[in-house]
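Novice: Sequence first, then the predicted structure:
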Amino acid sequence: MHPSVKCSFAAVLTVAVLCLLPASACRADDRPPTAGLDRVIRAVAFRDASGKTRGLADLKGEKATVVVFVSFDCPVSTGYAQPLAELARAYQGRGVSFLGVSVTDDEGAGQAARRAREFGLPFPVFHDAGHAVQAFHVEVTPEAFLLDAGLVLRYRGRVDDRYAARLKPRARVGRRDLRQALEELLAGRAVSRPATRAVGCPVRMDSPARQAAGPVTFYRDVLPVLQRRCQVCHRPGDVAPFSLMTYRQSVTWADDIKDYTQARKMPPWKPVAGPKFLTEDERRLTGKEVATLAAWVDGGTPAGDRKAAPPPRRFPHGWQLGRPDLVLTVDGDFQLGAGGLDVYRCFVLPTRLGRDVHVTAVEVRPGNRRVVHHAVLFFDRKGQGRRLERREQERPRKGGDEDRGPGYSVPLSFAFLPGFLPGGGLGGWAPGLTPQRLPAGTGYLLPRGADVILQLHYHRNGRAERDRTSVGLYFAQGPAARRIQGLAIPGNFVMIPAGAVRHRVTGAVRVRQDCRLYAIMPHMHLLGRQIKVTMLPPDGRPRTLIAIKDWDFNWQEVYFFREPIAAKAGTRFEVEGIYDNSSTNPSNPHQPPRPVFVGLQTTDEMCVGFLGVTTDRPGLIRYDIPIRLPGLGESTTWGIPLFGL
């Protein structure tokens with residue numbers, strides 16, 4: 001993004017995802033581990049918070065025992081807190097005991113028990129220093145082990161299939177493996193599928209070899225790379241689902257660090273073609289950095305000399321651009337429940353401005369970065385947001401609804417679609433991005449008396465959380481700024497057929513006046529695989545403005561061009577999207593697949609290329625939308641803007 005808008009305008013998205021399993025650990029043909037099956041596992045003991053030692057035989061259930069290995073540093077493991085709690089309650093009174101074993105580093109028995117309470121686990125959780133891990137041959141967390149009345153291991157593996165890979169959830173749970181195994185065991189039948197491959201965080205035992213020196217060591221060579229490229233997100237309290245601040249944390253994620261930096265999937269940078277973007281250099285590792293990380297992993301992840309480490313990186317606190325001209329804060333805490341689907345919550349922030357202003361920078365300060373995935377801001381001049389919030393607050397509460405507080409919830413849009421109103425946007429925030437000012441002489445229009453609607457995407461982390469986010473707005477101080485407007489290039493489609501693997505959607509617009517392009521944001525939903533936006537000048541060669549070949553609904557952002565791009569009247573902009581509506585797409589919300597229509601809900605689809613533009617003429621930019629109709633050729637619709645950024 002432009003230095004002015006590095007954090008300006010996240011897309012409409014869901015669930016925070018930052019890395020996946022190494023390819024070698026998640027292939028469909030990998031055979032699940034079977035170590036220990038049909039054998040007695042008895043000689044395992046745990047020490048509780050009071051110091052008392054308790055053997056597995058003392059903790060077993062009358063008919064069955066479920067032992068789940070967890071880590072409170074692993075986001076997949078904590079994401080299973082609510083499903084495991086529900087499962088334990090469902091089998092309470094049926095002769096089944098649940099117990100947890102925490103392998104979190106630097107944690108004692110008392111801390112393990114405390115964190116289990118924080119995540120609402122209704123069964124005892126003990127800390128393990130390695131003995132139980134070895135006895136059960138644990139590979140990842142969370143991993144579940146089902147023992148019969150005689151402590152014979154009858155099932156090991158995943159709780160269910162909600163994850164296709166680490167931090168890559170499926171749209172729906174198809175198979176509940178642990179529950180199925182429990183039902184079969186309690187019915188006196190053999191477990192039909194005694195082993196599955198669990199998806200989660202690898203369990204690594206300390207090795208003296210890791211402490212030895214080598215040609216590439218953590219403290220001297222790797223830590224500086226992590227500080228420069230990763231820790232802005234991967235640190236306590238920030239948006240990344242795990243930290244990379246310490247040697248132990250980095251060793252836990254070593255395979256992913258190597259695989260995903262070599263594949264250029266981390267740090268996340270999606271464009272594979274287009275002009276130079278402002279954050280491109282900051283978000284791309286150099287070849288030397290990639291080679292350093294790989295050599296460290298291949299060399300056994302040696303720690304090296306701690307004295308060779310650089311000083312800890314210090315992260316700024318407070319408003320990054322100085323005191324804002326206007327600070328807006330949500331009116332009270334919003335409580336986010338421990339489990340369930342992600343939440344899009346809209347908060348109404350009255351500005352009470354007595355004049356129109358141009359906003360030249362936006363800073364969003366999440367109150368709780370553990371659960372705030374992104375923010376999008378629009379203005380509302382008609383009080384629609386206030387009415388929706390009042391209706392939300394007056395509706396009867398449903399049992400089990402843990403989400404409560406100010407604002408109103410919507411599936412994806414703002415419920416009254418301010419994004420369709422010309423010039424309605426004010427930017428936003430995405431993880432890892434810092435606020436900067438818009439290009440000189442430009443700004444977002446904020447009319448007098450308008451409310452700001454702040455939409456926050458919350459992703460759950462397995463325990464109840466609270467958030468109260470603030471927004472800082474910086475106003476143009478000089479002459480009236482040129483207004484940054486939104487120009488949308490919509491895909492021309494109605495439906496994506498069920499089963500289609502590479503369904504192609506196209507669309508175009510043609511501008512009626514000269515303009516300058518500052519930013520671009522492609523947008524699709526869950527079925528999207530690829531998207532490209534092309535510029536075709538009336539007297540020049542086609543130019544790719546952006547191309548993404550590995551679309552991720554969970555990582556969308558606005559990309560600001562390093563230099564503004566001039567577009568003459570008559571320039572045509574085209575968008576092309578490729579969709580996968582087959583059963584092999586783990587992001588497909590429908591199994592079996594069904595036709596998916598264009599729409600605003602997450603389970604609908606969209607194909608849009610958004611452009612941030614300015615014009616020298618007063619008023620809104622005007623453009624045409626050519627539509628090709630079967631048998632009628634290409635026709636043109638109205639020449640007015642449909643969307644505003």
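Specialist: Structure's in. What do you need? Residues are numbered from 1 along each chain as shown.
Novice: I'd like the mean pLDDT over stretch 489-509, please.
Specialist: Mean pLDDT, stretch 489-509: 95.
Novice: Kindly report the same for stretch 598-614.
Specialist: 87.
Novice: ok, and for it, which residues are buried?
Specialist: Across stretch 598-614, burial judged by 16 or more other Cβ atoms under 10 Å covers 598, 600, 602-614. Bear in mind the C-beta positions are built from the backbone N, C-alpha and C, glycine included.
Novice: Can you tell me the element residue 257 falls in?
Specialist: helix 254-262 (DSSP states H and E).
Novice: send the alpha carbons of that helix over as PDB?
Specialist: Only the C-alpha atoms of helix 254-262 are listed here, as PDB (Å, rounded to 0.1, in the frame of the first residue of the first chain):
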ATOM      1  CA  ALA A 254      10.800 -24.600  12.100                       C
ATOM      2  CA  ASP A 255       9.400 -26.900   9.300                       C
ATOM      3  CA  ASP A 256       6.700 -24.400   8.500                       C
ATOM      4  CA  ILE A 257       9.200 -21.500   8.500                       C
ATOM      5  CA  LYS A 258      11.300 -23.300   5.900                       C
ATOM      6  CA  ASP A 259       8.500 -24.600   3.700                       C
ATOM      7  CA  TYR A 260       6.500 -21.400   3.600                       C
ATOM      8  CA  THR A 261       9.300 -19.000   3.100                       C
ATOM      9  CA  GLN A 262      10.700 -21.200   0.300                       C
END
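Novice: Give the other helices and strands that that helix contacts.
Specialist: Counting contacts by 3 or more Cβ pairs under 8 Å, 6 or more residues apart in numbering; DSSP states H and E, helix 254-262 packs against helix 287-298.
Novice: was I right about residue 442 contacting residue 485?
Specialist: No - counting by Cβ atoms under 8 Å, residue 442 does not reach residue 485; the two are 10.2 Å apart.
Novice: Show me whatever sits in contact with both of those two.
Specialist: residue 614 (Cβ atoms under 8 Å, 6 or more residues apart in numbering).
Novice: Residue 448 - how many residues pack around it?
Specialist: 12 (other Cβ atoms under 10 Å).
Novice: now do residue 82
Specialist: 20.
Novice: Go ahead and confirm it touches residue 462.
Specialist: Yes - applying Cβ under 8 Å, one finds residue 82 in contact with residue 462, separated by 6.3 Å.
Novice: residues shared between the contacts of the two?
Specialist: Residues touching both residue 82 and residue 462 by Cβ under 8 Å, 6+ apart: 120, 338-339.
Novice: Could you tell me which residues make contact with residue 335?
Specialist: Residue 335 makes contact with 402-405, 464-466 under the criterion Cβ under 8 Å, 6+ apart.
Novice: Grab the nearest non-local neighbour of residue 343.
Specialist: residue 458 (4.4 Å; Cβ to Cβ, 6 or more residues apart in numbering).
Novice: I'd guessed the one you found sits against residue 342; true?
Specialist: Yes - using Cβ under 8 Å, residue 458 is in contact with residue 342, at 6.3 Å.
Novice: Which one of the two is surrounded by more residues?
Specialist: The residue with more neighbours, out of residue 458 and residue 342, is residue 458; 26 against 18, by other Cβ under 10 Å.
Novice: wait, what's in contact with the more buried one?
Specialist: By Cβ under 8 Å, 6+ apart, the neighbours of residue 458 are 336, 342-345, 371-373, 467.
Novice: And it, how close does it get to residue 292?
Specialist: 36 Å (Cβ to Cβ, to the nearest Å).
Novice: same thing with residue 244?
Specialist: 14 Å.
Novice: Tell me which of the two has more neighbours.
Specialist: Legend: neighbour count by other Cβ under 10 Å for residue 244 and residue 292, higher for residue 244 (22 against 17).
Novice: Assumed the more buried one was part of a helix.
Specialist: No - read with DSSP: H, G, I helix; E, B strand; the rest coil, residue 244 is coil and lies in no helix.
Novice: just checking, it touches residue 254?
Specialist: No - judged on Cβ under 8 Å, residue 244 makes no contact with residue 254 at a distance of 10.3 Å.
Novice: just to revisit the earlier point, mutual contacts of residue 458 and residue 342, please.
Specialist: Common neighbours of residue 458 and residue 342 (Cβ under 8 Å, 6+ apart) are residue 373.
Novice: I'd like the list of the shared contacts of residue 82 and residue 462 that fall within strands, please.
Specialist: Using DSSP state E, no member of the shared contacts of residue 82 and residue 462 sits in strands.
Novice: now the residues you listed in a markdown table, with pLDDT?
Specialist: Below are those laid out as a markdown table (pLDDT from 0 to 100):
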| residue | pLDDT |
| --- | --- |
| 120 | 89 |
| 338 | 85 |
| 339 | 78 |
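Novice: which among these gets closest to residue 33?
Specialist: residue 339 (27.6 Å; Cβ to Cβ).
Novice: tell me, how many neighbours does the closest one end up with?
Specialist: Neighbour tally, residue 339, other Cβ under 10 Å: 19.
Novice: Quickly list what residue 474 is bridged to.
Specialist: residue 361 (DSSP bridges).
Novice: That one contacts residue 437, correct?
Specialist: Yes - shown here, residue 474 and residue 437 form a contact pair, counting by Cβ under 8 Å, at 6.9 Å.
Novice: Give the residues shared as contacts by those two.
Specialist: Taking Cβ under 8 Å, 6+ apart as the criterion, residue 474 and residue 437 both touch 321, 360-361.
Novice: For PyMOL, what selects the buried ones among those residues?
Specialist: Command for PyMOL, covering only those of those found buried under the criterion 16+ other Cβ under 10 Å:
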select buried, resi 321+360+361
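Novice: Return the closest of the shared contacts of residue 474 and residue 437 with respect to residue 573.
Specialist: Using Cβ to Cβ, the shared contacts of residue 474 and residue 437 come closest to residue 573 at residue 360, 25.9 Å.
Novice: Next, work out how far apart the closest one and residue 517 are.
Specialist: 18 Å.
Novice: swap in residue 503?
Specialist: 28 Å.
Novice: Over to residue 49?
Specialist: 60 Å.
Novice: who's more crowded, the two?
Specialist: More neighbours surround residue 517 than the other of residue 49 and residue 517, with 22 against 15 (other Cβ under 10 Å).
Novice: picking that back up, out of the shared contacts of residue 82 and residue 462, the closest to residue 264 would be?
Specialist: After measuring those against residue 264 - Cβ to Cβ - the closest member comes out as residue 339, at 33.4 Å.
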